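J.: got a predicted structure plus its sequence, pasted below:
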Amino acid sequence: MGKDYYGILGVPKTADESELKKAYRKLAMKWHPDKAKGDKEAASAKFKEISEAYDVLSDPEKRKIYDQFGEEGLKGGIPPGGAGAGGMPHGFHFSSRSPEDIFAEFFGGMGGGGPFGGFASRGMGGGMGGGMGDEDSAGFDFFNGGPFGGMGRQMQRGPRKPPPIEHRLAVPLEELYTGSTRKMRISRDIADASGKTMRVQEVLEVQIKPGWKAGTKVTFPEKGDERPGVIPADIVFVIEEKPHPRFKREGNDLIYVEKPALVDALTGHTVKLVHLDGKPLEVPVKDPVSPTSVKIVKGKGMPISKSPGSFGDLRIRFEPVFPRQLSEPQKSQLRQILPASLIKTRQPCWHAGALPLSLCLEQRVTPQRHSDTIYSQHPIVQGMLC
């Protein structure tokens, strides 16, 4: 009776490619002679059987013949009385591959016969032991944190990849608003087939998208120097935002500081500015503004890169410019205008037997004690209106 390849792998006859790979991976790791504990010869035989089962069932032609004629028909040709039955291809000749070749191919064809380096050259008979401790064994990332724990790290060899090489790329706020293309010239060593290196120059194009923020990274894979036995490092450009003389960015919003004359801050004016795209923008301000006032213009901030067509807001802050000096007539006019407007909305604060505190302050009267109330403890003396 022939071998039951499905039973060897522990899969149903309807198993697809994914199920076959999963079963082979698990069993190959368990029974590989360099991993299995105990009888190495028994492990080698089991490993060979697992490899043969996977080789047959993962090959559509071999599997079709095996399903119709079993192992005997697959290996021995057309069975008696079955010539041409079931569409068996004439001239088919079964050839089995070595378990080490199947293993190496399955795990990525990592030189030296797979993750256990030197495995193919040692063959399947009793010389397979000891491969796990060979420091010259080929590397295999699957073992890091996988079923072989830390042993993979001891075995790693093969090409290594240096850490990325980062370059700072300072970009004006205008370009982060509109987007742009930067051409960056780099010098790097490239190696020919013989391993000889030569210095060359290349131009890398950095496509800056509207709305990108400081810290955004643009990676050019393996554009570092080429060296024998080394994978070239990645070149990474890190976006930096150049300071702008008029605008400041806060997230997706733009901050613009307007410095109106005091008279404009009190009577209203129009903020005129040139936006980052070069277009003029006028924003009317009708009400009085102070250093704490903010005028918000919706949709006039930075583009939102993750939401094309959307923009943040423009926030206009105000820093009124006060006159350095005033003439006496000007002061008199201001006294006639400003206090009158304040009196209409705020009544002077009285304390028993005392002058209005507003009058005390205006006349710089020294606070006195009246009816056990100290003027200096009054809110207006402390810089607040009543």
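T.: Noted; the coordinates are in hand. The structure displayed is predicted, hence computed values, not measured ones.

J.: okay, and for the stretch 151-300 of the chain, where does confidence drop off?
T.: Low-confidence segments of the stretch 151-300 of the chain, defined by pLDDT under 70: 151-158.

J.: what do you get for the stretch 1-150 of the chain?
T.: By pLDDT under 70, the low-scoring segments of the stretch 1-150 of the chain are 1, 76-96, 108-150.

J.: let's go with 80 and repeat that
T.: Along the stretch 1-150 of the chain, segments meeting pLDDT under 80 span 1-2, 35-38, 72-97, 105, 107-150.

J.: what about Leu266, distance to Pro308?
T.: According to CB to CB, to the nearest Å, Leu266 and Pro308 sit 42 Å apart. (C-beta placed from N, C-alpha, C; glycine too.)

J.: sticking with the nearest residue to Val56 once chain neighbours are set aside, tell me its helix or strand.
T.: Counting by CB to CB, 6 or more residues apart in numbering, Lys62 is the residue found nearest to Val56 once chain neighbours are left out, at 4.6 Å. Element membership for Lys62 (DSSP states H and E) is helix 60-76.

J.: alpha carbons of that helix, as PDB, please.
T.: Extracted in PDB, the C-alpha atoms of helix 60-76 (Å, rounded to 0.1, in the frame of the first residue of the first chain):
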ATOM      1  CA  PRO A  60      -0.700  20.200  -9.600                       C
ATOM      2  CA  GLU A  61       0.400  17.600 -12.200                       C
ATOM      3  CA  LYS A  62       2.000  15.200  -9.600                       C
ATOM      4  CA  ARG A  63      -1.000  15.700  -7.300                       C
ATOM      5  CA  LYS A  64      -3.500  14.800 -10.100                       C
ATOM      6  CA  ILE A  65      -1.700  11.600 -10.900                       C
ATOM      7  CA  TYR A  66      -1.300  10.700  -7.200                       C
ATOM      8  CA  ASP A  67      -5.000  11.300  -6.600                       C
ATOM      9  CA  GLN A  68      -5.800   8.800  -9.400                       C
ATOM     10  CA  PHE A  69      -3.100   6.200  -9.100                       C
ATOM     11  CA  GLY A  70      -1.600   6.600  -5.600                       C
ATOM     12  CA  GLU A  71       2.100   6.500  -4.900                       C
ATOM     13  CA  GLU A  72       2.700   3.300  -7.000                       C
ATOM     14  CA  GLY A  73       1.200   4.800 -10.100                       C
ATOM     15  CA  LEU A  74       3.100   8.100  -9.500                       C
ATOM     16  CA  LYS A  75       6.500   6.500  -9.100                       C
ATOM     17  CA  GLY A  76       6.100   3.300 -11.200                       C
END
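
J.: mind listing what's buried along that helix?
T.: Within helix 60-76, the residues scored as buried using 16 or more other CB atoms under 10 Å are 62-63, 65-67, 69-71, 73-75.

J.: can you map out the helices along this protein?
T.: 5-9, 17-31, 40-57, 60-76, 99-106, 119-122, 151-155, 173-178, 262-267, 328-345, 357-362 (DSSP state H).

J.: can you tell me what sits against the second one?
T.: Among residues not part of helix 17-31, those counted as contacts by CB atoms under 8 Å, 6 or more residues apart in numbering are 9-12, 15, 35-36, 43, 46-47, 50-51, 54, 57-58, 103, 106, 147-148.

J.: outline the domain layout of the chain.
T.: 5-58+97-155, 165-241, 247-318, 338-377 (automatic domain parsing).

J.: just these: most buried one?
T.: Ranked by average neighbour count under the criterion mean count of other CB atoms under 10 Å, the domains of the chain are headed by domain 5-58+97-155 at a mean of 17.

J.: phi and psi next, for Gly299.
T.: Dihedral angles of Gly299 (phi, psi; degrees, to the nearest 10) stand at phi 70, psi 10.

J.: ok, it touching Phe311?
T.: Yes - look at Gly299 against Phe311 with CB atoms under 8 Å: they come within range, at 4.8 Å.

J.: now what about stretch 182-199, what contacts it?
T.: Residues contacting stretch 182-199 (CB under 8 Å, 6+ apart): 167, 169, 171, 200-206, 208, 223-228, 232, 235, 237.

J.: okay, stretch 43-57 in PDB with CA atoms only?
T.: Only the C-alpha atoms of stretch 43-57 are listed here, as PDB (Å, rounded to 0.1, in the frame of the first residue of the first chain):
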ATOM      1  CA  ALA A  43      14.000  12.800  12.500                       C
ATOM      2  CA  SER A  44      15.800  12.800   9.100                       C
ATOM      3  CA  ALA A  45      13.500  10.000   7.800                       C
ATOM      4  CA  LYS A  46      10.400  11.900   9.000                       C
ATOM      5  CA  PHE A  47      11.600  15.100   7.500                       C
ATOM      6  CA  LYS A  48      12.300  13.400   4.200                       C
ATOM      7  CA  GLU A  49       8.800  11.900   4.200                       C
ATOM      8  CA  ILE A  50       7.200  15.400   5.000                       C
ATOM      9  CA  SER A  51       9.200  17.000   2.200                       C
ATOM     10  CA  GLU A  52       8.200  14.300  -0.400                       C
ATOM     11  CA  ALA A  53       4.500  14.700   0.600                       C
ATOM     12  CA  TYR A  54       4.600  18.500   0.200                       C
ATOM     13  CA  ASP A  55       6.500  18.200  -3.100                       C
ATOM     14  CA  VAL A  56       3.900  16.000  -4.600                       C
ATOM     15  CA  LEU A  57       0.800  17.700  -3.300                       C
END
